[in-house]
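Participant: Any chance you can model this:
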Amino acid sequence: MPLALRNCIAMKFGSTSVVGGLFFALIGGACSASSPKDTPGSATASGGGPTQVTTSGGGPMLIVDHDNSAGTAGGCASAGGSGTQEKGCDDSCSAVGKCDAGTCRVTDNTGKLSPEQQAVLQKGGSADAQFRWLYPSDKTVFPRGLTPPILQFDGGSADAFYVHVSFTGFDYQGFFGPSDPARLKFSSALWTSLTSTARGTDSVKVEVSKLSAGLVTGPISESWIIAPGSLHGALYYESLPSAAGAFDRAVMRLKLGTTAPQVILPGADAPNVSADGSTLLAVGGAEGFINYDLKAAMTRFTASGAYGVGGALYPDGSLALFFPFNAATVLVDPRTGASVTATGLPDAPNHGAEFNFSPDGSRVAFSQDELTISLLDFVAATKTFSNLREIAQNPKGFITTPVFTPDARSVVHNIDRELHRVNTDTLQASRLDAACGADTPAGSCSSSYASVLPVSVGGYYWVVFSSGRAYGNTLTVGVQPQLWVAALDHTAGATDSSHPALYLDDQDAEVLNRNANWVLDPCQGDGTACSSGDQCCGGYCRDSGGKQQCLSKLPDASCAAEFEKCTKPADCCDKTSDCINDRCAVPTPIVK
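Facilitator: Residues are numbered from 1 along each chain as shown. All right, here's what the predicted structure looks like:
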């Protein structure tokens, strides 16, 4: 039975109870069946939305998978005739190990170690005082769907490794061969099983010992967190030439979890992409701008020198803010380049810079002369900006690049190349030390050009940024900046809400990568194949004729799954969810 059942919320008529870690909530008027073929004691696993089963008690029970995109689980499965679920292993366990009384047990001897070597490693030792973790960091939050991380260590080379990974429902023991410098990497199948099995509340303990010249060091241990969701959308960023000049500047696109980035606009940089993924603005020749239609893969409009740089797009790509050099800020129709009459914009030369709209388009954040971060409210129907106020300051200067979180209630920005986050309601602020890397052995906190995914995934917001920090023992401090991703808790306040960052292995480390824009893919019309509601223009993704398809309307009395459209939290099937940027989003998990 898929372990996705442990991440489900089941809503059943007539009772409220806790059974096997699942919450059964009393509702009046259950969500409608995902398939007319559902029979008593069975369920149709839809993956992209709630599944309804009929229980022996006579009432329908809705099962909601907290990760509609977890490839191996594929949604919630049969709950059985009584409406309760038995504890089992995730389907992915069969590819790597054996399910033993609800625990996926995996033993792997990739390094072909002898029984004697295995026994020595398992006993542990303390031969190398320099043996320590370099990457990833303790308490890192990993999403599902990415390639396995490369585990990297300080100290001398290794002749062999022993790795033990353990958490509720999973136990892995692996033996790896020699590596200089000391590194190892899990197989894709193991990583899929590990991340699919782990719940957001699990603390994943990882212990590593090494054997070198017959002497053992370790175990050294870390704890990781697995967010129950796969990252959505794509990154659009600029790549600049390497030191050898082998690569001209270009705007690139990277779909997370794929193998290689794509060139979108050669000879361009400074990309700004609308939150819906439909429109790209970039700087081309003569400091002009290029408007590129990402749906049609074609250039709509170019202008040389007309508006300077820094165009910020409205979420649907229909408007753009520019700050020309030594001129007033201007609102533009990016499809034609024509200026649009607007009221309430800052009018002093260079007064407004580095604009960004909130994902819902109701606010604009910008840096004023690199001294403050300010907000404006915006009404698109009347093209009116109002309620100018400051939310962050840095009298020494260089406070820049503000970007909103999906709820538009906090802003991530830079102060002297360090990441900070400010709550736009309370004005409480903190430096994002964990994401910034201030506590890593390298001690480097140089991070800039942040962008935030417009939707919450697995209970976290996700920020991408550029940093020249060390990447384990692969890249040293001061290399050309590369792209990193970190999880943020939903709540922003006076304490650090970030988690240690992940290096994106799919990028080209031979070039400078920065100024990323993290956006959703362009939405699809009704009847188009989908895996989650944020891929659909109508807002819903459900099973229809055995396939996941986009819908504009749910059956009467239905509720919305994670990533599906909502106007209030009560619209969501999971009653612990919030409605964030008009999408149902589960809360930040509380790790055991």
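
Participant: Report the residue spans of the stretch 251-400 of the chain with pLDDT below the cut-off.
Facilitator: For the stretch 251-400 of the chain, applying pLDDT under 70 flags the ranges 259, 285-288, 303-310, 324-327, 347-353, 397.

Participant: mind running it again at 80?
Facilitator: When the per-residue scores of the stretch 251-400 of the chain are filtered using pLDDT under 80, the ranges that remain are 257-259, 284-289, 300-311, 323-328, 337, 346-354, 368-370, 395-397.

Participant: before we move on, what about the stretch 1-150 of the chain?
Facilitator: Counting by pLDDT under 80, the stretch 1-150 of the chain has low-confidence residues at 1-87.

Participant: domain parsing for the chain?
Facilitator: Domains of the chain are assigned by automatic domain parsing as 1-87+525-592, 91-229, 233-519.

Participant: distance between the longest one and the chain's centre?
Facilitator: Between the centre of domain 233-519 and the centre of its host chain there is 15 Å, according to C-alpha atoms, centre = their mean, to the nearest Å.

Participant: could you pull out the helices for the stretch 101-250 of the chain?
Facilitator: Taking DSSP state H, counting those that start in this stretch to define them, one finds helices in the stretch 101-250 of the chain at 115-123, 188-197.

Participant: Ok, which of the ones you listed comes nearest R421?
Facilitator: Go through those one by one with C-beta to C-beta and the one that ends up closest to R421 is helix 188-197, at 26.3 Å. Using the backbone N, CA and C atoms, a C-beta is placed for each residue, glycine as well.

Participant: and D534, helix, strand or coil?
Facilitator: Under DSSP: H, G, I helix; E, B strand; the rest coil, D534 falls in the helix class.

Participant: For the helices of the stretch 101-250 of the chain, give me JSON lines that also has distance to K568 and mean neighbour count.
Facilitator: As requested, the helices of the stretch 101-250 of the chain are arranged in JSON lines below (distance: least, C-beta to C-beta, whole Å; neighbours: other C-beta atoms under 10 Å):
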{"stretch": "helix 115-123", "distance to K568": "54", "mean neighbour count": "15"}
{"stretch": "helix 188-197", "distance to K568": "31", "mean neighbour count": "22"}
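
Participant: Take those helices and lay them out in a markdown table including distance to V283.
Facilitator: A markdown table is the format used below for the helices of the stretch 101-250 of the chain (distance: least, C-beta to C-beta, whole Å):
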| stretch | distance to V283 |
| --- | --- |
| helix 115-123 | 54 |
| helix 188-197 | 38 |
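
Participant: Among the ones you listed, single out whichever gets nearest to A213.
Facilitator: helix 115-123 (12.2 Å).

Participant: ok, and what's touching the closest one?
Facilitator: Where contact means C-beta atoms under 8 Å, 6 or more residues apart in numbering, the residues beyond helix 115-123 that reach it are 109, 113, 160-162, 175, 209-211, 216.

Participant: Could you rerun that using 7 Å?
Facilitator: Counting by C-beta atoms under 7 Å, 6 or more residues apart in numbering, helix 115-123 makes contact with 160, 162, 175, 209, 211, 216, all of which sit outside it.

Participant: I'd say the second one and V206 touch.
Facilitator: If I follow you right, that is Y162. No - under the contact definition of C-beta atoms under 7 Å, Y162 does not touch V206, with a separation of 11.6 Å.

Participant: just checking, what packs against the helix or strand where H413 lies?
Facilitator: Using DSSP states H and E, H413 sits within strand 410-415. Counting contacts by 3 or more C-beta pairs under 7 Å, 6 or more residues apart in numbering; DSSP states H and E, strand 410-415 packs against strand 399-404, strand 418-423, strand 447-452.

Participant: where does the stretch 451-592 of the chain dip in pLDDT?
Facilitator: Scanning the stretch 451-592 of the chain for pLDDT under 80 picks out 477-479, 555-557.

Participant: list the buried ones in stretch 252-272?
Facilitator: By neighbour count on 16 or more other C-beta atoms under 10 Å, the buried set for stretch 252-272 is 252-254, 256, 261, 264-265, 268-272.
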